[in-house]
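Enquirer: Sequence below, structure please.
(chains A, B and C)
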Amino acid sequence: MIPLGAFIAVSAVLFFIGVAGVLVRRNAVVILMCVELMLNATNLALVAFSRKAGMIDERGSVFVVFVFVVAAAEVAVGLAIVLSLYRNRPTVDVDEVHAMKG
Amino acid sequence: MSFDILQSVLFALLTVGIVGAAAGVVLMKRITGSALLMAFAFLCNAGMFLLLGAETVAAFQVLIYVGAITVLILYGVMFTPQQDRRYGLFFQTQTPWAALLVAPIGIFVAFFAFSFADPGKALPGGGDLVPLATSVFGDFAFPFEVASVLLLAAMIGAIVLVKRDEE
Amino acid sequence: MTPATEVATSATFIQLVWLIPAFPLAAFLINGLFGKRWLGHATGWIAAAAVAASAVLSIGVFLDVLRGNVHTTVTLYRWIGVGDFEVNIAALVDPLSSVMLLVVTVVSTLIFVYSIGYMAHDHGFPRFFTWLSLFVFAMLILVMADNYLLMFVGWEGVGLCSYLLIGFWFERPEPYVAAKKAFVMNRIGDWGYTIGMVTTFLVFGSMTFTEVFEHVDIATQANLLLICLAFFVGATGKSAQLPLYSWLPDAMEGPTPVSALIHAATMVTAGVYLVARSTPLFAAAAPALEVVAVVGALTAIFAATIALVQFDIKRVMAYSTVSQLGYMFLALGVGAPIAAVFHLATHAFFKALLFLGSGSVIHGMQGEQDMRKMGGLRRKMPVTYWTMLLAGGALAAIPPLAGFWSKDEIVGAAWTSGHTALWVVGIITAILTAFYVTRAMWMTFHGEPRDHHLYDHAHESPAVMTLPLVALAVGTVTLGAVVGFPPDAGFIHTFLTPSVEVHGAGGEHHAPEIATILALAAVSVGAGIVGILIGLSMYVRHRPDPSAVSRAAGPFYRVLVNKYYVDDLYDRRIVDLLRGAFGVMWAFDVHVIDGIANGLGRLAALGGGGARRLQTGVVGNYAFMVVAGLFLLIVAYGGYAAGVFTR
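Expert: Residues are numbered from 1 along each chain as shown, chains lettered A, B, ... in the order given. Sure, this is the predicted structure:
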């Protein structure tokens, strides 16, 4: 029997690897991938809690379904933004996009 | 007992797969490689779901993440070729600070995670399809419909963003 | 709340009272928006028609009040409502305001018609009628208001229009300097009004006339004194009393119809109206009344002496106006507000007539205002001459002309109330008044023409100007006798009493004996006749010769010609003093106040400059900040869980 804490720990590690990716990578597409990793970490935690709590109706897993929806929407819109950005100036380097500099 | 040992072995393999693949996504220089490793991490995650007895979620995970989202990301990679690699810089300038920031929290949270005690109840048998469906089409019917609207909005938004202006 | 106002069924016009100011406002908007480009000279007729419509409605309102609706509040809408405090856009229709409405609209109508002729050749014609309409609107608001705040709106409105119209010919330096002077002096008065208004609110918790006057007894004597004196400061500014009178003579730089309407008939009487309206307050503050009476009497004689030696025909009239306003305040001060309002009404007619007549003369003399260049004009301008003669007679208080009845009542009230010294001042002023009127009339219309070139070109004014003169002359002749006979008990008294009777004081009408009345009237008529005879003797028979008199009077004459050096005093002493004081304040302002303000600003700019660097525009940095926030949250949570932070 694998304890709940082990799953949560894996989820946390996955999440923070994603965070680190968002912070350190320059390529916008890779940043999107890392965001997806973070979302997956959340999913893992949700399912783990949901299954281990032993409830009849899978309330935690329902949220995983919603996370799927949000992730799909997010990646679609995110890629659209990256594409239109790329069309204006041929780069996906987020460091070079700083028109909002104060 | 052998089932438990098998489970532990599977869990260890999946953990190594997930963490390794995720680290690869972050560190891999080639973006296509990153994308494929990401798909592998998703796949391992689906294995985790199976280990937890959530077959339906695992199936969705494979269909949506390993299938749809990976394909989308790959398209994104293909549409944004980086011919001009003027900047050899792979990481951002803030990388050391980010590492300094993320490592302590990550380690802290990961260790903290082990403190979650098991409720001590047996896993309900018979998979998660029936309870999941009951919830989605019962209490969560309305949010589920709203989620469809969100998808529609995202679809329209993506089309509008990418559509070329016709002169 | 205001007491229940029962409206009789026959009060149709009172319910329509808000149409009265609406017409001039509409004329103002139409003329102001479309006048210059499209309407041109039609603006004059539009404005005149609007004011005439108001006049008709005012007559209707007057008749409604006459039928017994002596106290009606017509609320247009709720303006300010904070807790128990309430100020409404509401009209108080009672005898006093209905008389004022009538005077303002009727005189305005005649002057508007006159102006169409007088201003015909002026390129600012549409602008003139725009401002004039706005003035009438503001004046009507002032008169109709049922509370001090709304009255203040009208009060400031007429001040603004006065400023705009004095400086109407702003291409020349004198008018705009005069306009500025009028504005500044009126500001001093407005300061007093504001203090009075705010104190009224603090003491009574209300600004509505009815409510304040019902609760006069809750105020202490000191409070009442402060309120009344503050309001009186406001009145001295608007009505050109000592010491704030000197803007009015300068205001003659404006077009003559403006002088007639604003600076003789209506706006300058606003102070009189304010004090008359506040009679219940003033009646409860006896020392304030004494101040009003003394200031009024002093202003009357002071201005009359200056008028003796002026050569500009309009300035004579201006000082005469100041003097007559002094009479009105004298009446208010000796407890005869009805006589004051009566004199206000008659004065509006005959002084407007005198001004319009002067304007007619100036018009005929191609803009010449110096009486030394006139003379013999009665043959050239018969209508102007005869109407002005009637008005002059009224000013000199010759019976049965209007001025006699009202001035006689004022002087008589001074005597019967025991102010003998003020009565003497009033009689002396009457002699002086009769003298300067005679002098002005003689120099203008009689004798030999002194400037033949101007005389040859002089002509009678067109009908559009002379008809208003005739109409005003009819009012001048009849008004006094019709409403003022018998003295102290005429129609105007019975009519106005509901407005000015003091709440709860009861009627203490001690009607003087008939012999006293007759004796007082005889003295006052005698004073007028003496003044006229002195004038005629000096200017017709040259016994004594005017120039010999002025030489003999020497220093006195020079003092009078220089208007007691008041303007120089104001300019040299007060203005210089203030400049010095303001220089110190300026330095303080620039170095200390601005220093603090700029220092704070610089500090903010510095902080902003620092914070600006955070906004790199790079997404990665923002994400970093988000994670940093997460880090802090987790540290906080961990610290809390570990018991480092305790609640």
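
Enquirer: Chain A: helices as residue ranges?
Expert: Using DSSP state H, the helices found in chain A span residues A:4-24, A:28-53, A:59-88.

Enquirer: Make sure A:Thr42 is actually in contact with A:Val67.
Expert: Yes: shown here, A:Thr42 and A:Val67 form a contact pair, counting by C-beta atoms under 8 Å, at 6.2 Å. Backbone N, C-alpha and C define where each C-beta goes, glycine included.

Enquirer: Is it possible to get TSV of the helices of chain A that adds mean neighbour count and distance to chain B?
Expert: TSV is the format used below for the helices of chain A (neighbours: other C-beta atoms under 10 Å in any protein chain shown; distance: least, C-beta to the nearest C-beta, whole Å):
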stretch	mean neighbour count	distance to chain B
helix A:4-24	24	3
helix A:28-53	24	4
helix A:59-88	19	3
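
Enquirer: Nearest to B:Pro96 among those would be which one?
Expert: Among the helices of chain A, the nearest to B:Pro96 by C-beta to C-beta is helix A:4-24 (9.3 Å).

Enquirer: tell me which strands and helices the closest one is in contact with?
Expert: Using 3 or more C-beta pairs under 8 Å, 6 or more residues apart in numbering or on different chains; DSSP states H and E as the contact criterion, the neighbours of helix A:4-24 among helices and strands are helix A:28-53, helix B:2-27, helix B:31-51, helix B:95-113, helix C:619-641.

Enquirer: Out of the ones you listed, which one sits most buried?
Expert: Per-residue neighbour counts averaged over each of the helices and strands packed on helix A:4-24 give the maximum for helix A:28-53, namely a mean of 24 (mean count of other C-beta atoms under 10 Å in any protein chain shown).

Enquirer: Also compute the angle for that one relative to helix A:59-88, please.
Expert: 180 degrees (axes from the mean of the first three to the mean of the last three C-alpha atoms, to 10 degrees).

Enquirer: Using JSON lines, lay out the helices and strands packed on helix A:4-24 together with mean pLDDT.
Expert: Conversion of those to JSON lines gives the following (pLDDT from 0 to 100):
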{"stretch": "helix A:28-53", "mean pLDDT": "89"}
{"stretch": "helix B:2-27", "mean pLDDT": "89"}
{"stretch": "helix B:31-51", "mean pLDDT": "91"}
{"stretch": "helix B:95-113", "mean pLDDT": "85"}
{"stretch": "helix C:619-641", "mean pLDDT": "84"}
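
Enquirer: Ok, which of those helices comes nearest A:Arg89?
Expert: Of all the helices and strands packed on helix A:4-24, helix A:28-53 sits nearest to A:Arg89, with 12.1 Å by C-beta to C-beta.

Enquirer: From C:Val143, how far out is the closest residue to B:Ile69 other than its chain neighbours?
Expert: Take B:Ile69 and drop its neighbours on the chain: the residue closest to it by C-beta to C-beta, 6 or more residues apart in numbering or on different chains is A:Val75, 5.3 Å away. In this structure, A:Val75 lies at 75 Å from C:Val143, with C-beta to C-beta, to the nearest Å as the measure.

Enquirer: on that earlier part again, shouldn't the residue nearest to B:Ile69 be in contact with B:Leu74?
Expert: No: in this structure, A:Val75 sits apart from B:Leu74 without contact. The criterion is C-beta under 8 Å, and the distance is 11.4 Å.

Enquirer: how about the helices in the stretch 1-150 of chain C?
Expert: Assigned by DSSP state H, counting those that start in this stretch, the helices in the stretch 1-150 of chain C fall at C:12-15, C:19-34, C:42-66, C:95-118, C:125-144, C:148-166.

Enquirer: Which of these sits closest to chain B?
Expert: Chain B sits nearest to helix C:19-34 of all those, at 44.4 Å, using C-beta to the nearest C-beta.

Enquirer: where does that closest one sit relative to the chain's centre, distance-wise?
Expert: Here the centre of helix C:19-34 is set off from its chain's centre by 21 Å, with C-alpha atoms, centre = their mean, to the nearest Å.

Enquirer: Show me what that helix is in contact with.
Expert: Applying C-beta atoms under 8 Å, 6 or more residues apart in numbering or on different chains, the external contacts of helix C:19-34 come out as C:39, C:43, C:46-47, C:49-51, C:53-54, C:57-58, C:61, C:101, C:105, C:126, C:129-130, C:133-134, C:136-137, C:140-141, C:144.

Enquirer: Return, as residue ranges, the portions of chain A with sub-threshold pLDDT.
Expert: Across chain A, the ranges flagged by pLDDT under 70 are A:54-58, A:100-102.

Enquirer: 90 - rerun?
Expert: Within chain A, the segments meeting pLDDT under 90 span A:1-6, A:21-31, A:47-63, A:65, A:81-102.

Enquirer: returning to that earlier point: need the overlap of contacts for A:Val75 and B:Leu74.
Expert: Both A:Val75 and B:Leu74 lack any common contacting residue under the criterion C-beta under 8 Å, 6+ apart.

Enquirer: For stretch C:597-607, give me every contacting residue.
Expert: With C-beta under 8 Å, 6+ apart as the test, stretch C:597-607 has no contacts from any other residue.

Enquirer: Touching, C:Ile398 and C:Gly528? I think so.
Expert: Yes: shown here, C:Ile398 and C:Gly528 form a contact pair, counting by C-beta under 8 Å, at 5.7 Å.

Enquirer: Could you count how many residues lie near C:Val590?
Expert: Counted with other C-beta atoms under 10 Å in any protein chain shown, the burial measure for C:Val590 works out to 10 neighbours.

Enquirer: where's C:Ala270 relative to chain B, distance?
Expert: Here the criterion is C-beta to the nearest C-beta, to the nearest Å. By it, C:Ala270 lies 66 Å from chain B.

Enquirer: you'd agree that residue is in a helix?
Expert: Yes: the secondary structure assignment for C:Ala270 places it in a helix, going by DSSP: H, G, I helix; E, B strand; the rest coil.

Enquirer: Tell me how many other residues crowd it.
Expert: Other residues within reach of C:Ala270 by the criterion other C-beta under 10 Å amount to 26.

Enquirer: Run through the residues that contact the residue nearest to B:Ile69.
Expert: A:32, A:36, B:69, B:72-73.

Enquirer: for these, which one is nearest C:Gln241?
Expert: Distance to C:Gln241 across these (C-beta to C-beta) is lowest for A:Leu32, with 82.9 Å.

Enquirer: check contacts around that closest one.
Expert: With contact taken as C-beta under 8 Å, 6+ apart, A:Leu32 is in contact with A:75, A:78-79, A:82, B:73, B:76.
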